[in-house]
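[1] the following comprises the amino acid sequence and a computationally predicted model.
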Amino acid sequence: MIDRAGLAEFLRNRREALQPEDVGLPRGSRRRTNGLRREEVAMLCHMSTDYYSRLERERGPQPSSQMLAAMALGLHLSLDERDHLFRLAGQNPPARGGAGTHISPGLLRILDRLDDTPAEIVTELGETLRQTPMGVALTGDTTKYTGAARSAGYRWFTDPTARDRYAPEEHAFLTRMYASGLREIVTLRGPDSRAAELADLLLAQSEEFRRVWDEHEIGIRPHDVKHFIHPEVGALELTCQRLVDPDQTHSLLVYTAIPGSESHEKLSLLAVIGAQALG
């Protein structure tokens with residue numbers, strides 16, 4: 001059963017505890033509100049201001065699990081706070097660990113400060129949860145996919161266009177890497193996991209996947225240097241730095257180029273292209 005008073009109080013408390021700079025928003029010179037405004041939280045949660053405001057006033061419908069997950073991300077809640085939010089709303093909290101999609105506040109705070117750098121937060125199955133604008137400019141919007149296609153490894157074997165932005169000389173290695181990584185996750189998470197479901201789907205749909213899966217390779221790790229082919233700026237050689245959240249097994253991937261290199265100049269051009277696309 002929903003605890004409307006408790007939910008409203010908790011939402012107000014968490015909203016007022018956040019500052020604009022905590023979530024990548026400008027403070028402005030005329031701010032009088034303690035913490036964030038309701039309309040700012042609504043924007044961060046991808047919902048209407050009216051819907052969010054009604055919850056703070058102990059009104060409105062019982063939030064769905066999707067709406068609660070969006071509020072947990074928008075309010076930069078910890079896992080414990082997220083679970084508390086779900087229980088206040090009369091819902092069972094989502095699973096933690098490899099299957100979880102809740103991003104930790106720490107990773108979100110870092111990502112919010114990387115507007116001038118290609119970066120993304122991904123799950124252990126290669127599902128993109130959040131990208132910076134530069135990340136979208138580099139690889140396209142990879143948060144738009146649904147179902148099994150959310151996984152980069154699944155798309156690699158089932159969607160020919162998934163390989164377009166990667167240098168051809170890297171394709172054979174990436175094929176082995178995706179199969180190896182998925183096999184390790186299946187062993188770790190078990191036969192009833194989403195990883196096992198993805199493996200079964202790929203075994204049924206891709207002859208190439210069946211071939212590399214049967215080779216039973218383990219321990220093939222991503223290269224630190226990635227070679228991209230961008231449709232507008234051409235070849236890019238970028239170093240990938242990875243920050244891992246052990247609680248959710250999510251990774252923050254940040255792509256940088258050596259200062260003064262051709263790729264560094266192309267990243268600057270990519271920033272302009274990305275800004276024009278957003279405009």
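    Yep, that arrived.
[2] quick one, what contacts the nearest residue to Asp245 once chain neighbours are set aside?
    Sequence neighbours aside, Ser104 is the residue nearest to Asp245 in space, at 5.0 Å (criterion: C-beta to C-beta, 6 or more residues apart in numbering). C-beta coordinates here come from the backbone N, C-alpha and C atoms, glycine included. By C-beta atoms under 8 Å, 6 or more residues apart in numbering, Ser104 lies in contact with Ser78, Leu79, Asp245, Asp247, Gln248, His250.
[3] hmm, which of those is lowest in pLDDT?
    Taking these together, the minimum pLDDT is found at Gln248 (72).
[4] so how far is Leu68 from the closest residue to that residue other than its chain neighbours?
    Using C-beta to C-beta, 6+ apart and skipping residues adjacent in sequence, the residue nearest Gln248 is Gly100, 5.0 Å away. Using C-beta to C-beta, to the nearest Å, one gets 14 Å for the distance from Gly100 to Leu68.
[5] got it, and Glu215?
    The value you get for Glu215 to Leu68, if C-beta to C-beta is used, is 42 Å.
[6] show me what stretch 258-265 is in contact with.
    Against stretch 258-265 from outside (C-beta under 8 Å, 6+ apart): Ala235, Leu236, Glu237, Leu238, Thr239, Ala257.
[7] in the sheet, who's paired with the fourth one?
    On the basis of DSSP bridges, Leu238 takes part in beta bridges with Lys226.
[8] per-residue pLDDT of it, please?
    pLDDT recorded at Leu238 is 97.
[9] can you check the first one too?
    In the predicted model, Ala235 carries a pLDDT score of 96.
[10] poorly predicted segments of this protein, please.
    Residues of the chain meeting the criterion pLDDT under 70: 28-29, 31-33, 97-99, 275-279.
[11] buried ones in the longest helix that it contains?
    Ranked by number of residues, the top helix in the chain under DSSP state H is helix 171-189. Within helix 171-189, the residues that count as buried by 16 or more other C-beta atoms under 10 Å are 174-175, 177-186, 189.
[12] can you get me a residue count around the residue lying closest to Val136 once chain neighbours are set aside?
    Of all residues not flanking Val136 in the chain, Gly274 sits nearest, at 6.7 Å (C-beta to C-beta, 6+ apart). Gly274 is flanked by 20 other residues according to other C-beta atoms under 10 Å.
[13] His227 now?
    A count of nearby residues for His227, using other C-beta under 10 Å, gives 16.
[14] which non-adjacent residue is nearest His102?
    Closest residue in space to His102, ignoring its immediate chain neighbours: Arg82 at 5.4 Å, by C-beta to C-beta, 6+ apart.
[15] any buried residues in the helix or strand hosting that neighbour, and which?
    Arg82 belongs to helix 79-88 when assigned by DSSP states H and E. For helix 79-88, burial by neighbour count (16+ other C-beta under 10 Å) applies to Leu79, Glu81, Arg82, Asp83, His84, Leu85, Phe86, Leu88.
[16] good, wrapping up.
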